[in-house]
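Trainee: heads up, no residue letters with this:
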């Protein structure tokens with residue numbers, strides 16, 4: 001196995017930026033990026049690529065490779081973020097204990113049977129003040145002696161207004177980077193129709209078929225109706241998570257032929273099998289030093305720190321269920337020798353005897369952040385009238401909670417009225433398409449629908465078009481027997497911010513993120529969930545796979561992609577509209593087993609080997 005340490009910084013930069021769809025071809029640009037890695041807190045090439053992707057998303061410049069001008073703006077962006085962090089770290093905490101309230105606090109402790117005097121509080125506060133003074137007195141390269149003197153003087157006489165200013169600076173976002181780049185008009189967007197990703201392009205994109213005939217069924221276990229949420233007890237949620245942990249644990253032991261799991265929070269010199277859920281001992285992004293393994297209730301529901309230094313390849317995230325073979329000499333630290341992840345479920349039965357069929361797959365937002373004219377939606381529907389796919393999958397958000405005008409409420413009508421207008425527009429366009437089915441999937445960002453996941457279908461148009469199907473989020477469909485799983489909750493982005501992957505892991509990062517979702521057998525395995533995911537744990541049974549789908553559609557804010565992940569065709573079509581810029585959508589064609597254009601072989605009968613997918617710019 002080749003580790004990352006054997007590559008030069010420049011090679012790693014090329015690999016990392018190509019991985020997010022922004023390849024670097026200019027050596028001078030490459031040198032500038034390498035200088036940024038060395039100059040900004042010594043960040044790694046992979047982290048720099050991730051920060052570049054964040055920068056592009058924030059300033060609505062999707063998929064743009066680095067240029068000299070953009071790198072200067074990017075450098076300013078990074079410096080401002082670093083300055084914001086320094087401001088937050090240097091803010092002085094307010095004094096909690098003083099001589100006026102120390103006596104009162106001491107009496108409270110006494111009421112609980114604890115003997116603490118006011119003098120103790122006063123001495124403790126004096127010690128804390130002395131420590132703060134020492135920290136303030138340490139000069140930095142950017143701090144002059146006069147500034148330091150002023151800082152020490154002001155720290156002893158800080159007014160209430162100054163404290164409030166410090167708190168405000170900690171809670172506010174860093175100032176935006178000033179850019180003079182105007183958002184172009186929608187009609188003047190660049191690179192229309194450009195293919196940004198392709199898969200199995202040796203297969204024809206437009207097969208010759210007779211009259212389209214696609215049958216649609218929806219798996220009952222994934223089709224939700226509206227339900228009461230925020231109506232359960234913490235114990236109910238705990239029971240759901242415990243049952244999920246127990247089921248997954250039993251399956252991992254069986255799949256890997258492991259011995260029965262042991263209690264692992266007591267000293268164990270011999271190698272044991274430990275089963276549990278991965279958690280983190282810190283808030284925010286996890287790292288390999290913060291990994292905790294949480295046991296089953298029958299094993300006292302304890303948490304033990306997990307050391308993974310001896311493991312060459314691992315990928316762990318909060319909520320993941322794993323089995324660990326290792327020792328615990330002290331009872332406080334589990335030394336992992338092997339880690340066993342869950343394995344995927346079986347696929348559904350292979351469907352045969354159908355004609356090739358096409359799908360168009362697009363995800364909102366469906367309008368520019370500049371207005372609510374929905375020009376991108378109009379453009380997409382006009383393209384669909386010309387192309388007429390057999391199946392059209394349209395995903396929310398349709399009325400986006402993050403849109404500036406929606407946030408302000410300045411739209412001149414209710415959210416529900418705007419939603420119905422959009423659905424009517426889609427329904428009116430369908431008769432002009434030679435399409436069998438139009439499938440509408442909501443998003444938790446749709447303001448016309450309760451923001452909870454799993455999510456019931458959106459309300460349809462005034463007159464429901466027969467070809468129009470309102471599906472849940474998530475959902476599992478069958479199109480001519482081909483199973484398609486869909487979730488608009490951005491699990492790929494949320495996992496990317498929480499997963500801990502070993503250095504030199506051979507699997508490409510986005511492929512690994514999809515693999516984790518498939519292995520965990522559910523559309524949202526991250527726990528605790530990201531705040532924006534709006535997950536209702538008590539109803540997450542509807543968010544689990546009934547079987548491994550042939551096609552998994554996971555729209556995300558990150559770079560669009562098409563991947564073969566353990567036999568599953570994973571598609572991220574991207575967003576149709578990125579701020580004021582044109583985004584992407586996906587076009588797929590599925591051929592039946594035994595088709596003349598598909599090489600006959602028992603090993604390539606799965607859908608992933610007989611499908612062509614292109615991701616195009618709108």
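Mentor: Ah, there it is. The structure presented is a predicted model; accordingly, all values stated were derived computationally and were not measured. Numbering: from 1, shown residues only.
Trainee: quick check: longest strand of this structure.
Mentor: strand 268-280 (DSSP state E).
Trainee: tell me what the helix or strand that comes right after it is packed against?
Mentor: Using DSSP states H and E, the next helix or strand after strand 268-280 towards the C-terminus is strand 291-294. Strand 291-294 sits against strand 268-280, strand 303-307, with contacts defined as 3 or more Cβ pairs under 8 Å, 6 or more residues apart in numbering; DSSP states H and E. C-beta: built from backbone N, CA, C; applies to glycine.
Trainee: closest to residue 532 out of those strands?
Mentor: strand 268-280 (18.5 Å; Cβ to Cβ).
Trainee: mind listing what that closest one pairs with, with the direction of each?
Mentor: Partners of strand 268-280 in the sheet, by DSSP bridges, are strand 291-294 (antiparallel), strand 321-328 (antiparallel).
Trainee: export these to a markdown table and tack on distance to residue 401, mean pLDDT and mean neighbour count?
Mentor: A markdown table is the format used below for the strands paired with strand 268-280 (distance: least, Cβ to Cβ, whole Å; pLDDT from 0 to 100; neighbours: other Cβ atoms under 10 Å):
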| stretch | distance to residue 401 | mean pLDDT | mean neighbour count |
| --- | --- | --- | --- |
| strand 291-294 | 33 | 93 | 21 |
| strand 321-328 | 32 | 93 | 22 |
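Trainee: residue 205: which of these is closest?
Mentor: strand 321-328 (40.4 Å).
Trainee: helices and strands of this protein: which one has the lowest mean pLDDT?
Mentor: Counting by mean pLDDT, DSSP states H and E, the chain has its least confident helix or strand at helix 160-171, which shows a mean of 34.
Trainee: re earlier: closest to residue 213 out of the strands paired with strand 268-280?
Mentor: Among the strands paired with strand 268-280, the nearest to residue 213 by Cβ to Cβ is strand 321-328 (41.8 Å).
Trainee: tell me what whichever helix or strand comes after that closest one is packed against?
Mentor: Downstream of strand 321-328, the first helix or strand assigned by DSSP H and E is strand 333-341. Contacts defined by 3+ Cβ pairs under 8 Å, 6+ apart place strand 333-341 against helix 234-255, strand 303-307, strand 321-328.
Trainee: in its sheet, what does strand 333-341 sit against?
Mentor: strand 303-307 (parallel), strand 321-328 (antiparallel).
Trainee: how about these in JSON lines, adding distance to residue 34?
Mentor: As requested, these are exported to JSON lines (distance: least, Cβ to Cβ, whole Å):
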{"stretch": "strand 303-307", "distance to residue 34": "33"}
{"stretch": "strand 321-328", "distance to residue 34": "37"}
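Trainee: could you pull out the helices for the stretch 401-550 of the chain?
Mentor: Secondary structure of the stretch 401-550 of the chain (DSSP state H, counting those that start in this stretch): helices located at 404-408, 415-429, 491-496, 509-520.
Trainee: now those as CSV including distance to residue 267, mean neighbour count and mean pLDDT?
Mentor: Shown next, in CSV, are the helices of the stretch 401-550 of the chain (distance: least, Cβ to Cβ, whole Å; neighbours: other Cβ atoms under 10 Å; pLDDT from 0 to 100):
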stretch, distance to residue 267, mean neighbour count, mean pLDDT
helix 404-408, 55, 13, 91
helix 415-429, 59, 18, 94
helix 491-496, 34, 22, 94
helix 509-520, 31, 22, 95
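Trainee: so which of the ones you listed gets nearest residue 453?
Mentor: helix 491-496 (10.1 Å).
Trainee: sorry, back to before: any idea which of the strands paired with strand 333-341 gets closest to residue 214?
Mentor: strand 321-328 (36.7 Å).
Trainee: off-centre distance for that closest one?
Mentor: 27 Å (Cα atoms, centre = their mean, to the nearest Å).
Trainee: now the angle between helix 509-520 and that strand, please.
Mentor: 90 degrees (axes from the mean of the first three to the mean of the last three Cα atoms, to 10 degrees).
Trainee: got the angle between strand 321-328 and helix 234-255?
Mentor: Using the same axes, to 10 degrees: strand 321-328 against helix 234-255 is 70 degrees.
Trainee: run through who's touching strand 321-328.
Mentor: By Cβ atoms under 8 Å, 6 or more residues apart in numbering, the residues outside strand 321-328 that reach it are 244-245, 248-249, 252-253, 256, 258, 261, 264-278, 293, 304, 306, 316, 334-342, 520.
Trainee: ramachandran coordinates for residue 467?
Mentor: phi -80, psi 0 (degrees, to the nearest 10).
Trainee: mind listing what it touches?
Mentor: Here residue 467 is in contact with 430, 435, 436, 437, 438 (criterion: Cβ under 8 Å, 6+ apart).
Trainee: how far away is it from residue 338?
Mentor: Distance of residue 467 to residue 338, given as Cβ to Cβ, to the nearest Å: 52 Å.
Trainee: one more: residue 291?
Mentor: In terms of Cβ to Cβ, residue 291 sits 15 Å off from residue 338.
Trainee: residue 255 now?
Mentor: With Cβ to Cβ as the criterion, residue 255 and residue 338 are 14 Å apart.
Trainee: give me the common contacts of the two.
Mentor: What both residue 255 and residue 338 touch, as defined by Cβ under 8 Å, 6+ apart, is an empty set.
Trainee: picking up where we left off before, how about the helices of the stretch 401-550 of the chain in CSV, adding distance to residue 20?
Mentor: Formatted as CSV, the helices of the stretch 401-550 of the chain follow (distance: least, Cβ to Cβ, whole Å):
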stretch, distance to residue 20
helix 404-408, 26
helix 415-429, 31
helix 491-496, 11
helix 509-520, 9
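Trainee: and residue 502, which of the ones you listed is closest to it?
Mentor: It's helix 509-520; of the helices of the stretch 401-550 of the chain, that one is closest to residue 502 (Cβ to Cβ) at 10.5 Å.
Trainee: who are the packing partners of the closest one?
Mentor: For helix 509-520, the packing partners by 3+ Cβ pairs under 8 Å, 6+ apart are helix 491-496, strand 551-553, strand 561-565, strand 568-572.
Trainee: next one: the longest one to chain centre, how far?
Mentor: When C-alpha coordinates are averaged (Cα atoms, centre = their mean), helix 491-496 and its chain have centres 2 Å apart.
Trainee: contacts for that helix next, please.
Mentor: Helix 491-496 has contacts (Cβ under 8 Å, 6+ apart) with 50, 317, 509-510, 513-514, 516-517, 523-526, 529-530, 533, 554, 556-558, 572.
Trainee: I'd like the helices and strands packed on helix 509-520 as TSV, with distance to residue 618 appended.
Mentor: As requested, these are exported to TSV (distance: least, Cβ to Cβ, whole Å):
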stretch	distance to residue 618
helix 491-496	21
strand 551-553	17
strand 561-565	17
strand 568-572	15
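Trainee: re earlier: for residue 485, which of the helices of the stretch 401-550 of the chain is the nearest?
Mentor: helix 509-520 (9.4 Å).
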